[in-house]
Structures are given as C-alpha cells and as structure tokens.
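Engineer: Build me a structure from this.
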Amino acid sequence: MTAVMDRFPGEPAGKARPDELARCSALYEWMLISEGNRLDHAQRALLRAAIENHAGTIWVKRQDGKVVGQVLTRTEAADVWDPTPELWAFGLFVLPGYRRPGACFALVRAVLREAGELGARRIVAVVKSKRPGFYERIGFRRTASLYSLEVS
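Structural biologist: From the prediction side, this is the model:
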C-alpha cells in the first residue's frame, strides 16, 4: 500500500462535514450534468437525499474554505466466499477550475488510506465518465463490465 500511496503526493482529502453535504450534492449534480445528463426536480431531490443518507464516506477536497472536489466510498464484501472487503469508489469529481493533479491525487490518496485502514483487498472504481482514462493513468486496470437492468 505504501508504494501505491507514494505515487500520489500531498495530503489526502478530508471527510465531509454535515454542513458540507448540500455542497457535495451540488457537486455530484454538476458532475452528472457535465456528462450530458438532465435532472428534473424529483431527481435532484433524490440525489440530495442520497448524499445526505450515504452509508459510506464522502471525501472532499477543500480550497479556500470551500469544497471543490469529492469522491464517495462504501465497503462491499467481495463475495459470499471471501469476507475480505472491497472498497467501492464512485462520483470522483473536481470542479473544472480546480482540476490539477493535486486535487485529484488528494481524493485518490484518501480512498487509498481508507482501503488500507479497512484491510480491503481491492478498490473498485465505478466510472460513468466519458474520460475513464484517468483511472488507467493512475494505476487502475479495467477488469470487468458492470451490467444493469432498468426495471421501471
């Protein structure tokens, strides 16, 4: 884990405070819209509720006292036969004006630190971005496809 952490200089991001959840919701909404999604009022309300009730950790990068980036994590069991946890990371986003290696690295470093503390054997990044190459450049490998089924 130390060798991996060494690739991401600087301090890790911090955990979101309760007073920052509205900002986190707005950032997640910004990310979705920037990727071409349209959100109606009901979807925005669901997103806010999901952020406020997130069962994992919300890591944030702050600059000048405001949240400018975030990533959400949660722990999942690898499978029923292997109790070693996996750490799932999703929603990595930094506002365009703050996208420099340090901001993203701070968020990735926080995820790596959490994985180490949990004893996770793997980090799974759920990537919906049109720019998945970022993850490959920092050492993630594409291992499988996730499939989903719309039921509504």
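
Engineer: Check which helices and strands the biggest helix by length in the chain sits against.
Structural biologist: Ordering each helix of the chain by length in residues (DSSP state H) puts helix 101-118 first. Contact here means 3 or more Cβ pairs under 8 Å, 6 or more residues apart in numbering; DSSP states H and E; on that basis helix 101-118 packs against helix 2-5, strand 57-63, strand 66-79, strand 82-94, strand 122-126. Every C-beta, even on glycine, is put in place using the N, C-alpha and C of the backbone.

Engineer: Show me what counts as buried in stretch 110-128.
Structural biologist: Taking 16 or more other Cβ atoms under 10 Å as the basis for neighbour counts, the residues of stretch 110-128 that come out buried are 110-115, 120, 123-125, 127.

Engineer: now it: mean pLDDT?
Structural biologist: The pLDDT scores in stretch 110-128 average 86.

Engineer: so how far is it from its chain's centroid?
Structural biologist: Stretch 110-128 has its average C-alpha position 10 Å from the chain's average C-alpha position, going by Cα atoms, centre = their mean, to the nearest Å.

Engineer: export it as CSV, just CAs?
Structural biologist: Output of stretch 110-128 as CSV, limited to C-alpha atoms (Å, rounded to 0.1, in the frame of the first residue of the first chain):
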residue,chain,number,x,y,z
ALA,A,110,-7.9,9.5,0.9
VAL,A,111,-9.5,6.4,-0.8
LEU,A,112,-6.2,4.5,-0.6
ARG,A,113,-5.8,5.4,3.0
GLU,A,114,-9.4,4.2,3.8
ALA,A,115,-8.8,1.0,1.9
GLY,A,116,-5.6,0.4,4.0
GLU,A,117,-7.5,1.0,7.2
LEU,A,118,-10.2,-1.4,6.2
GLY,A,119,-7.8,-4.1,5.1
ALA,A,120,-9.5,-4.0,1.7
ARG,A,121,-8.0,-6.3,-0.9
ARG,A,122,-9.2,-4.2,-3.8
ILE,A,123,-10.6,-0.8,-4.7
VAL,A,124,-13.3,-0.8,-7.4
ALA,A,125,-13.9,2.5,-9.2
VAL,A,126,-17.3,2.8,-10.7
VAL,A,127,-16.7,5.0,-13.7
LYS,A,128,-19.5,6.6,-15.7
